[in-house]
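Enquirer: Pasted the sequence and its predicted model underneath.
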Amino acid sequence: MKLGVVAGVLRGQRWAYPLAIGVLGAFIAYQVYRLSYAFSLGLLLLTLFDAVIIGLTWREYTQPAGEDG
């Protein structure tokens, strides 16, 4: 599922951005759940990385069409 969402985002399909945010949000929720049982530095770093990706995806989604960086 994640690869399909990434393919949509790379093709610039607007519907894929909110879906990507939702999928990553679900992954983060599960990762936080796992962290609550057993701490893992690697999982914590992956969770933080996913949060940054959500932020970047949101920024790209809310940027007006045709405006580069």
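Expert: On my side now, so go ahead.
Enquirer: Please enumerate the helices of the chain.
Expert: Assigned by DSSP state H, the chain shows helices spanning 2-10, 16-37, 41-62.
Enquirer: any chance of these in JSON lines, plus mean neighbour count and mean pLDDT?
Expert: All C-beta spots, glycine's among them, are computed from the backbone N, C-alpha and C. Output for the helices of the chain, formatted as JSON lines (neighbours: other Cβ atoms under 10 Å; pLDDT from 0 to 100):
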{"stretch": "helix 2-10", "mean neighbour count": "13", "mean pLDDT": "77"}
{"stretch": "helix 16-37", "mean neighbour count": "14", "mean pLDDT": "93"}
{"stretch": "helix 41-62", "mean neighbour count": "13", "mean pLDDT": "93"}
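Enquirer: Pull the residues that contact stretch 26-41.
Expert: 43-44, 46-47, 50-51, 54 (Cβ atoms under 8 Å, 6 or more residues apart in numbering).
Enquirer: how does it look with 7 Å?
Expert: Stretch 26-41 is contacted by residues 43-44, 46-47, 50-51 when judged by Cβ atoms under 7 Å, 6 or more residues apart in numbering.
Enquirer: same thing with stretch 46-62?
Expert: With Cβ under 7 Å, 6+ apart as the criterion, stretch 46-62 contacts 17-18, 20-21, 24-25, 27-28, 31-32, 35.
Enquirer: give me every residue that touches the nearest residue to V23 once chain neighbours are set aside.
Expert: Distance criterion Cβ to Cβ, 6 or more residues apart in numbering; nearest residue to V23, sequence neighbours excluded, is V5 at 5.6 Å. Residues near V5 by Cβ under 7 Å, 6+ apart: 16, 19-20, 23.
Enquirer: any idea which of those residues is closest to V9?
Expert: Closest to V9 out of the contacts of V5 is A16 (4.7 Å), distances taken as Cβ to Cβ.
Enquirer: so how far is I28 from the residue nearest to the closest one when sequence neighbours are not counted?
Expert: Using Cβ to Cβ, 6+ apart and skipping the chain neighbours, the partner closest in space to A16 is G8 (2.9 Å). Distance, G8 to I28, using Cβ to Cβ, to the nearest Å: 20 Å.
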